[in-house]
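A.B. asks: sequence first, predicted model second:
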Amino acid sequence: MGEKSAQKRQYIIKKAREVFSKRGYKDVTMKDIVEACEISRGGLYLYFDSTKDIFLAVLNDSEDDEEDVFSKAISHRASSSDILALFLKEQKKELCQKKESLIRATYEFFFENRYPVKENPMKMQFDAAVQIIEKLIADGVRTGEFVCADPKGCASNMMYVLEGLRVMSQTVGVSEKAVNQEILYLMKGLLKEES
């Protein structure tokens with residue numbers, strides 16, 4: 001794919017993200033994305049076959065953005081506790097943002113498109129996050145930043161709490177205070193108590 005084609009594809013993904021963020025997944029049509037991009041229907045079909053294909057591209061693009069944030073922190077040789085705090089700060093930002101996000105669209109997509117557990121992109125993303133957090137916690141234990149007998153269990157618990165907060169944010173709402181309390185609780189369980 002040439003540079004101009006890659007830029008056009010990225011533009012479509014950006015505009016589609018805005019549409020999915022506003023309307024969710026199930027109510028979006030190819031026509032909606034054509035209109036948002038101000039391109040022809042044929043122009044859109046050069047890059048994507050369906051709203052499903054576009055949404056998967058949007059999800060992959062979002063994952064790349066998240067990886068960039070952590071790559072920078074890791075390349076600056078930040079401590080495990082600093083990287084974990086950055087991760088939780090990014091999660092909080094998503095949970096508390098007032099503008100539309102992809103959370104609702106993501107749940108709608110995965111309710112509508114059933115994948116076998118081993119092929120489910122949402123499950124794979126969850127498991128990848130657990131592995132990264134587990135490694136951060138284990139590294140933090142090794143360097144004396146954290147106290148934790150079960151880094152994998154702690155990482156899994158952390159992700160389940162965050163996933164629960166995501167559901168709450170889209171159904172009944174969740175306050176910034178509640179998010180702060182949960183994050184503080186998660187971190188308190190890892191940090192050494194001062195003597």
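C.D. replies: Structure received. Bear in mind that the values here come from a model prediction, so they are computed numbers and not experimental data. Residues are numbered from 1 along each chain as shown.

A.B. asks: distance of residue 145 from residue 80?
C.D. replies: Per Cβ to Cβ, to the nearest Å, residue 145 is found 5 Å from residue 80. No exception for glycine: its C-beta is placed from N, CA and C like everyone else's.

A.B. asks: do you have the helices of this structure handy? List them.
C.D. replies: 3-23, 30-37, 41-45, 51-75, 80-96, 103-112, 121-143, 151-171, 176-188 (DSSP state H).

A.B. asks: among these, show the one with the smallest mean pLDDT.
C.D. replies: Of all those, mean pLDDT reaches its minimum on helix 51-75 (a mean of 73).

A.B. asks: check what pLDDT residue 118 gets.
C.D. replies: The per-residue pLDDT reported for residue 118 equals 84.

A.B. asks: mean neighbour count added to the helices of the chain, as a markdown table?
C.D. replies: Formatted as a markdown table, the helices of the chain follow (neighbours: other Cβ atoms under 10 Å):
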| stretch | mean neighbour count |
| --- | --- |
| helix 3-23 | 16 |
| helix 30-37 | 17 |
| helix 41-45 | 12 |
| helix 51-75 | 15 |
| helix 80-96 | 18 |
| helix 103-112 | 18 |
| helix 121-143 | 17 |
| helix 151-171 | 17 |
| helix 176-188 | 14 |
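
A.B. asks: my read: residue 62 touches residue 105, true?
C.D. replies: No - between residue 62 and residue 105 there is no contact under Cβ atoms under 8 Å: 10.7 Å.
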